[in-house]
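In: Structure for this input, please:
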Amino acid sequence: MTGLCKSFKFFTAGVLAFMLISSFPAHAQTIDYFDLPLAQLLGAEVVSVSKKPQKLAQSPAAVYVITGEDIIRSGVTNIPDALRMAPGVQVAQADSNSWAISIRGFNNVLAKRLLVMIDGRTIYNTLHGGVYWEAHNVAMGNIDRIEIVRGPGGSLWGANAVNGVINIIMKKSYRNQGTRITAGYGSHERGLITVNHGGSFADDKFYNVYARYFDRDNYRNLSGTSANDEWEGYRAGWRTDWGDYLSISGDIYRSGADQNFERFSLTPPFETADSETAVNKGGNITGNFRKPLENGAEVSLRTYFDYASRDENILSDERYIFDIETQYNFQPLGRHEFIAGAGVRNIRDDLAGTELTVFSPASREDFNFSGFLQDRIIIVPDEWDLTLGSKFEHNFYTGFEFQPTARLQWLPDEDQTVWASVSRAVSTPTRIERDLDITNLVVPPGLLSPTPALVTLANNKSFDSEKMIAYELGYRNRITSGLSLDAALFYNEYHDMLSVEAAGVTPVAGPPAHVLVPLVARNDQSAETYGGELVLNWNVNSEWKLTGAYSYLEVFVHAPDVLGFSQELEEDDAPAHQASIQSSWNISKTLNLDTNLYYVDSLPRFGIGDYVRLDASLGWRIHKNVRFNLVGQNLAEEAHREWDAVDSVNAAEIERSVFGNFTWEF
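Out: Coordinates of the predicted model:
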């Protein structure tokens with residue numbers, strides 16, 4: 001409670017100071033955040049549910065949209081902090097440069113059941129199926145919106161879209177014109193600058209270029225010293241739009257993320273900690289084309305090339321991805337609205353081995369082929385419709401996979417939507433599960449055997465896809481012109497999930513004498529999850545908006561023990577309860593205050609208790625072209641843990657921070 005009081009005193013001082021300054025003359029510009037009535041906001045179109053524009057209020061899925069204005073007003077400087085605003089998304093910051101993010105359970109720093117895209121370009125890493133969030137620190141002011149689909153999306157988007165889909169959609173260049181410079185500095189943000197410029201070639205040909213640099217300070221570890229997790233990097237890119245039918249964009253980036261790692265030895269002390277800088281670098285180019293046809297149909301094409309590499313002690317990963325996909329939206333045929341598409345993805349990687357890791361083979365080139373078909377059937381116009389569809393894929397590891405879905409929707413009136421769905425999704429094997437041999441750890445004498453035990457993970461060329469069947473039920477209601485409700489319930493069944501099993505214990509004479517304990521990846525784990533999410537949006541008046549959210553999750557895992565230890569710890573990888581209250585208040589024509597209060601339940605697996613996190617942003621429109629944001633994060637307490645075990649070499653406390661962002665547009 002003392003920390004909370006100190007935080008409010010510190011932040012309130014800044015608020016009062018800027019309210020006082022705002023009394024001096026300035027060119028006021030009314031912020032248009034509240035100009036859209038709730039009906040228009042609910043009528044906003046999303047594309048992540050059906051791969052074509054569809055009203056959010058009438059989408060038969062649990063979908064939430066974080067707008068670009070939400071991001072600007074909140075003052076967040078990275079995608080993970082923005083995702084905290086979405087209900088049902090578990091965001092746990094591990095240290096200064098890494099996060100564990102998932103939807104509806106099974107969270108991990110490299111959570112693999114979540115499909116993440118930027119403008120349709122997949123950014124999860126095929127090595128392990130997770131996302132290096134520290135490699136994708138995009139220019140936040142260039143984001144148009146983030147669409148989050150809770151629940152499977154495999155019938156359209158393919159493998160890995162098991163628990164959800166996050167689609168980060170960047171602004172079209174004609175909406176990103178002029179020059180914008182954003183600079184920030186604070187107690188933890190040691191330097192942040194983004195320069196953005198947009199112009200035009202002709203009436204319908206626009207371009208946008210940007211460059212970004214950032215430098216984040218270390219957090220502290222549990223002993224109070226530096227956690228060695230500094231994060232620094234740069235990113236630059238461009239986008240060109242020819243009207244609404246063609247866009248070409250690209251990025252280059254490099255970042256260095258400090259981290260700690262463990263070295264193992266068969267002699268005392270058996271385990272030592274060392275430090276390093278994990279370097280991420282890469283570049284990409286993406287093209288999107290769409291052409292409406294005279295008969296009401298539409299054809300579209302998306303292609304991208306992505307180069308990415310990561311260099312750290314445990315591995316050196318370099319990969320090239322070429323992807324092309326075409327889609328055809330048929331002319332409505334009676335009561336049927338068909339969409340079909342096909343694509344091919346080429347993945348080539350080079351995984352240099354280390355003293356700890358060996359990939360067999362070290363280099364691989366794979367081709368994945370896919371197609372999908374979806375039919376929206378209008379049962380009763382403007383009242384009942386049924387969507388049937390499936391994705392069909394052929395991958396190198398498991399061959400043919402299919403991911404069907406059925407979504408039924410009922411519109412009792414123009415303000416209410418009821419929907420239900422049954423879907424199947426798969427997570428295909430990764431290189432780590434199929435091709436990796438790694439030294440996991442050395443167990444000191446006396447625990448597993450009288451001599452040290454060298455524990456390794458051996459590759460399993462027969463590891464199969466993980467499967468999930470999801471059942472969902474949802475309800476939306478625009479209760480009044482300023483109040484809406486969105487609720488979703490789910491029950492998921494998982495089969496053939498990753499487990500590890502001991503393949504025997506082999507004495508080794510040495511020197512030094514030890515035993516070898518090889519572990520092998522198996523598909524012997526299953527699980528069930530159930531829960532729900534509730535969101536209330538309330539436009540209190542023309543200057544104040546509130547959003548309340550609550551999510552509940554239960555996870556039950558069934559897995560064999562390994563070496564006498566339980567593998568069912570994933571039951572506690574995500575909080576059972578999460579709640580948030582977001583407030584957006586236009587104090588005056590030149591001042592706005594946005595606060596986000598989060599409650600996160602405990603994580604017993606890591607000994608992390610429940611906590612309350614308060615983030616706040618005071619925005620001051622100094623001039624019609626100049627804006628300043630004073631941002632405070634984690635104001636409710638001086639520091640707390642959000643992820644990782646106490647004895648982890650990378651365990652860190654997420655500290656309170658305050659920083660300022662200055663934006664100049666001309």
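In: what are the ranges of the helices in the stretch 401-550 of the chain?
Out: Secondary structure of the stretch 401-550 of the chain (DSSP state H, counting those that start in this stretch): helices at 431-435.
In: Mind jotting down where the strands sit in it?
Out: Taking DSSP state E, counting those that start in this stretch as the test, the strands found in the stretch 401-550 of the chain are 416-427, 436-443, 453-458, 466-480, 483-502, 506-508, 514-541, 544-558.
In: Out of these, which is the most enclosed?
Out: The highest mean neighbour count among the strands of the stretch 401-550 of the chain, using mean count of other C-beta atoms under 10 Å, belongs to strand 416-427: a mean of 21. C-beta coordinates here come from the backbone N, C-alpha and C atoms, glycine included.
In: send the alpha carbons of that one over as CSV?
Out: Below are the C-alpha coordinates for strand 416-427, written out as CSV (Å, rounded to 0.1, in the frame of the first residue of the first chain):
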residue,chain,number,x,y,z
GLN,A,416,-27.6,-8.6,-30.7
THR,A,417,-25.5,-11.5,-32.0
VAL,A,418,-25.3,-15.1,-30.8
TRP,A,419,-22.8,-17.4,-32.2
ALA,A,420,-21.5,-21.0,-31.7
SER,A,421,-18.6,-22.9,-33.3
VAL,A,422,-16.8,-26.2,-33.4
SER,A,423,-13.3,-26.2,-34.8
ARG,A,424,-10.3,-28.5,-35.3
ALA,A,425,-6.7,-27.1,-35.2
VAL,A,426,-3.2,-28.6,-35.3
SER,A,427,0.2,-27.5,-34.3
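In: and that strand, how far out from the chain's middle?
Out: Mean C-alpha position of strand 416-427 versus that of the full chain (C-alpha atoms, centre = their mean, to the nearest Å) differs by 20 Å.
In: One more: stretch 571-591?
Out: Remark: stretch 571-591 is offset 17 Å from the chain centroid, using C-alpha atoms, centre = their mean.
In: same check, this time on stretch 410-427
Out: That offset, for stretch 410-427, works out to 23 Å (C-alpha atoms, centre = their mean).
In: Give me the outermost residue of this protein relative to its centroid.
Out: Distance from the C-alpha centroid of the chain peaks at Ala509, with 47.5 Å (C-alpha atoms, centre = their mean).
In: roughly how far apart are it and Leu516?
Out: From Ala509 across to Leu516, the span is 11 Å (C-beta to C-beta, to the nearest Å).
In: what do you get for Gln259?
Out: 28 Å.
In: partners of the host helix or strand of Asp215, with directions?
Out: Secondary structure from DSSP states H and E places Asp215 in strand 205-216. In the sheet, strand 205-216 lines up against strand 189-202 (antiparallel), strand 231-242 (antiparallel) (DSSP bridges).
In: Buried residues, the first one. List them.
Out: Just to be clear, that refers to strand 189-202. Using 16 or more other C-beta atoms under 10 Å as the test for burial, strand 189-202 gives 189-190, 192-198.
In: biggest separation within the residues you listed, which pair?
Out: The largest separation in these, counting by C-beta to C-beta, is between Arg190 and Gly198 at 28.2 Å.
In: Output the strands of the stretch 401-550 of the chain as TSV; include the columns distance to Ala61 and mean pLDDT.
Out: As requested, the strands of the stretch 401-550 of the chain are exported to TSV (distance: least, C-beta to C-beta, whole Å; pLDDT from 0 to 100):
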stretch	distance to Ala61	mean pLDDT
strand 416-427	7	96
strand 436-443	35	86
strand 453-458	36	89
strand 466-480	7	96
strand 483-502	8	95
strand 506-508	50	89
strand 514-541	12	94
strand 544-558	16	96
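In: Mind checking these for the one nearest to Gly564?
Out: With C-beta to C-beta, the closest approach to Gly564 among the strands of the stretch 401-550 of the chain belongs to strand 483-502: 9.7 Å.
In: Pull the distance from that closest one to the chain's centre.
Out: In terms of C-alpha atoms, centre = their mean, the centre of strand 483-502 is found 17 Å from the chain centre.
In: what angle separates that strand from strand 544-558?
Out: Interaxial angle, strand 483-502 versus strand 544-558 (axes from the mean of the first three to the mean of the last three C-alpha atoms, to 10 degrees): 30 degrees.
In: which helices and strands does strand 483-502 pack with?
Out: Packing partners of strand 483-502 (3 or more C-beta pairs under 8 Å, 6 or more residues apart in numbering; DSSP states H and E): helix 38-42, strand 62-67, strand 466-480, strand 514-541.
In: Poorly predicted segments of the stretch 551-666 of the chain, please.
Out: For the stretch 551-666 of the chain, no stretch has pLDDT under 70.
In: Other residues contacting the helix or strand containing Leu597?
Out: Using DSSP H and E, Leu597 sits within strand 591-600. Strand 591-600 has contacts (C-beta atoms under 8 Å, 6 or more residues apart in numbering) with 15, 18-19, 22, 31, 33, 73-75, 84-85, 92, 575, 577-587, 610-621, 636, 642.
In: so what strands line up beside that strand?
Out: Here strand 591-600 has these sheet partners by DSSP bridges: strand 577-586 (antiparallel), strand 611-623 (antiparallel).
In: which strands and helices sit next to the helix or strand just after the last one?
Out: Spelled out, it's strand 611-623. Downstream of strand 611-623, the first helix or strand assigned by DSSP H and E is strand 626-633. In terms of contacts (3+ C-beta pairs under 8 Å, 6+ apart), strand 626-633 is packed against helix 2-21, strand 611-623, strand 657-665.
In: ok, and for strand 626-633, which residues are buried?
Out: Buried positions in strand 626-633, judged by neighbour count with 16+ other C-beta under 10 Å: 626-633.
In: May I see these organised as TSV, with distance to Leu411 added?
Out: Formatted as TSV, those follow (distance: C-beta to C-beta, whole Å):
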residue	distance to Leu411
Val626	45
Arg627	40
Phe628	45
Asn629	40
Leu630	44
Val631	41
Gly632	42
Gln633	40
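In: wait, which of the residues you listed is closest to Asn459?
Out: Gln633 (41.7 Å).
In: Would you agree that closest one is in contact with Ala639?
Out: No: with contacts counted by C-beta atoms under 8 Å, Gln633 stays clear of Ala639, the gap being 11.5 Å.
In: what's the overlap in contacts for those two?
Out: By C-beta under 8 Å, 6+ apart, Gln633 and Ala639 have these common neighbours: Arg656.
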